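1. What follows is a predicted protein model with its sequence.
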Protein chains: 2
Amino acid sequence: MRELEERIKQDGRVLNQDVLKVDTFLNHQVDPMLMQKIGHEFYKYFQDYPITKILTVESSGIAPAILTGLEFQVPVIFARKHRSITMNKDLYVADVYSFTKKVANKISIAKTFLNSQDHVLIIDDFLANGQAVSGLTEIIQQAGAHLEGVGIVIEKTFQKGRQLIDQQQIPILSLARISGFQNGKVIFTEK
Amino acid sequence: MRELEERIKQDGRVLNQDVLKVDTFLNHQVDPMLMQKIGHEFYKYFQDYPITKILTVESSGIAPAILTGLEFQVPVIFARKHRSITMNKDLYVADVYSFTKKVANKISIAKTFLNSQDHVLIIDDFLANGQAVSGLTEIIQQAGAHLEGVGIVIEKTFQKGRQLIDQQQIPILSLARISGFQNGKVIFTEK
């Protein structure tokens, strides 16, 4: 997505070999007009899939997920993050490890919002090591729902998340694919 | 807002004398079509104010705030919640106490996103004791920005938040105003 790549070049800050900060338009301050275009891109790609629910993780996934849900006219569920969580029969729970923050979290969603009739599109802001997508996939399996695809705003192709998804043959669309950082600049993967 | 009141009657669950759960369309599962209408209502009411930024708190404020920002065509900033936070010269920080969860949190936003030129509309999902709005107001004051108004999806008029805002003569629009709960049913304030 050309406009997104331009925005990353213009506003993104490369913090080190692994971390790109995009908190001017995606992670902390959010550009709703860009989110609308992002939602439209995901819709164009996945519109023939029988999507009944959009699934994401709080907080940074919510904005792109909501605008995607608006395009599909379906509900959006955001999984909650917890440092720890007591067993609860009303929740689906999965583990998510953050390599950036070096903390283990659990994510959960209420069982009432996902069942075997659901066809789910996962939307998230970043794909790096694939921990969030793996956790969400696990929750979808627990619910007996169908994972139809994964929509990612920014993918770092040099980390292992993409490989994990491709191994499971899950349809995926990443709107910007970054192969690395050089001298503080972002290198995009050639299509 | 009639449609919102109907939705609360239909899907809201009264947990006790103080707590209404609306996680089927606002707090956990989100209805993006309803959020769009909510954003439009806030826009209609505040459209003549010179709004440059929408400010909210993660996570449940993000969905209504994003759709409001889309109507105004301005950026949305979501303050982050922290259990504790080390002093950081790059952040505005304020205290927020949650009466529901009985925990003290801090909220923060990066200084770079708010300055004395900004005219801010606060959007939040609930107004109860007004702690979140007070914290956001404090952050706006730290930035030297102008608070133009407050837009609330659901207000509980029997808690003290509204009074706090009225005392400061801040323009406020609450789309649903709840005066209490009776036999597990929601009583709306007569207009």
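-> Received it, and whenever you're ready, just let me know what you need. Numbers count the residues shown, from 1 in each chain, chains lettered A, B, ... in the order given.
2. Where do the helices of chain A begin and end?
-> Here chain A has its helices, by DSSP state H, at A:2-11, A:32-46, A:62-72, A:131-143, A:161-167.
3. Can you add mean neighbour count, distance to B:Asn129 and mean pLDDT and give the ones you listed back as JSON lines?
-> Using the backbone N, CA and C atoms, a C-beta is placed for each residue, glycine as well. JSON lines is the format used below for those (neighbours: other CB atoms under 10 Å in any protein chain shown; distance: least, CB to CB, whole Å; pLDDT from 0 to 100):
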{"stretch": "helix A:2-11", "mean neighbour count": "14", "distance to B:Asn129": "37", "mean pLDDT": "97"}
{"stretch": "helix A:32-46", "mean neighbour count": "20", "distance to B:Asn129": "29", "mean pLDDT": "98"}
{"stretch": "helix A:62-72", "mean neighbour count": "27", "distance to B:Asn129": "24", "mean pLDDT": "98"}
{"stretch": "helix A:131-143", "mean neighbour count": "21", "distance to B:Asn129": "33", "mean pLDDT": "97"}
{"stretch": "helix A:161-167", "mean neighbour count": "17", "distance to B:Asn129": "41", "mean pLDDT": "96"}
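4. Distance to chain B for the ones you listed - can I get that in a markdown table?
-> Shown next, in a markdown table, are the helices of chain A (distance: least, CB to the nearest CB, whole Å):
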| stretch | distance to chain B |
| --- | --- |
| helix A:2-11 | 11 |
| helix A:32-46 | 4 |
| helix A:62-72 | 4 |
| helix A:131-143 | 13 |
| helix A:161-167 | 22 |
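5. what's the pLDDT at A:Lys191?
-> You'll see A:Lys191 listed with a pLDDT of 62.
6. Can you report how many residues lie near the nearest residue to A:Gln163 once chain neighbours are set aside?
-> Leaving aside its sequence neighbours, A:Gln163 sits nearest to A:Gly130 (CB to CB, 6 or more residues apart in numbering or on different chains; 7.9 Å). Neighbour count of A:Gly130, defined by other CB atoms under 10 Å in any protein chain shown: 20.
7. residues contacting the spatially most central residue of chain A?
-> The C-alpha lying nearest the average C-alpha coordinate of chain A belongs to A:Asp124 (CA atoms, centre = their mean; 1.4 Å). Contacts for A:Asp124 (CB atoms under 8 Å, 6 or more residues apart in numbering or on different chains) come out as A:56-57, A:61, A:64-65, A:132-133, A:136, A:150-153.
8. So what sits opposite A:Tyr97 in the bridge?
-> Under DSSP bridges, the beta-bridge partners of A:Tyr97 are A:Ala104.
9. residues near it, how many?
-> When neighbours are defined as other CB under 10 Å, A:Tyr97 has 14 of them.
10. again, but for A:Lys185
-> Number of residues near A:Lys185 (other CB under 10 Å) recorded here: 10.
11. Kindly report the same for A:Gln73.
-> Around A:Gln73 there are 11 residues (other CB under 10 Å).
12. With adjacent residues omitted, what lies nearest to it?
-> Excluding its sequence neighbours, the residue lying closest to A:Gln73 (CB to CB, 6+ apart) is B:Met33, at 6.3 Å.
13. from what I can see the one you found touches A:Glu71, true?
-> No. The pair B:Met33 and A:Glu71 fails to qualify as a contact (CB atoms under 8 Å) at a distance of 10.7 Å.
14. can you pull the pLDDT of the residue nearest to A:Gln163?
-> The confidence metric pLDDT takes the value 96 at A:Gly130.
15. Report the separation between it and A:Leu147.
-> 13 Å (CB to CB, to the nearest Å).
16. got any residues that touch both of those two?
-> Residues touching both A:Gly130 and A:Leu147 by CB under 8 Å, 6+ apart: none at all.
17. so which of the helices of chain A comes closest to B:Phe188?
-> Comparison of the helices of chain A against B:Phe188 by CB to CB identifies helix A:62-72 as nearest, at 26.1 Å.
18. hey, C-alpha coordinates of that closest one in PDB?
-> Extracted C-alpha coordinates of helix A:62-72, given in PDB (Å, rounded to 0.1, in the frame of the first residue of the first chain):
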ATOM      1  CA  ILE A  62      -8.300  -1.700  17.700                       C
ATOM      2  CA  ALA A  63      -8.200   1.200  15.300                       C
ATOM      3  CA  PRO A  64      -7.400  -0.700  12.000                       C
ATOM      4  CA  ALA A  65      -9.700  -3.500  13.200                       C
ATOM      5  CA  ILE A  66     -12.700  -1.200  13.700                       C
ATOM      6  CA  LEU A  67     -12.400   0.400  10.300                       C
ATOM      7  CA  THR A  68     -12.100  -3.100   8.700                       C
ATOM      8  CA  GLY A  69     -15.100  -4.200  10.600                       C
ATOM      9  CA  LEU A  70     -17.000  -1.200   9.300                       C
ATOM     10  CA  GLU A  71     -16.200  -2.200   5.700                       C
ATOM     11  CA  PHE A  72     -17.300  -5.800   6.300                       C
END
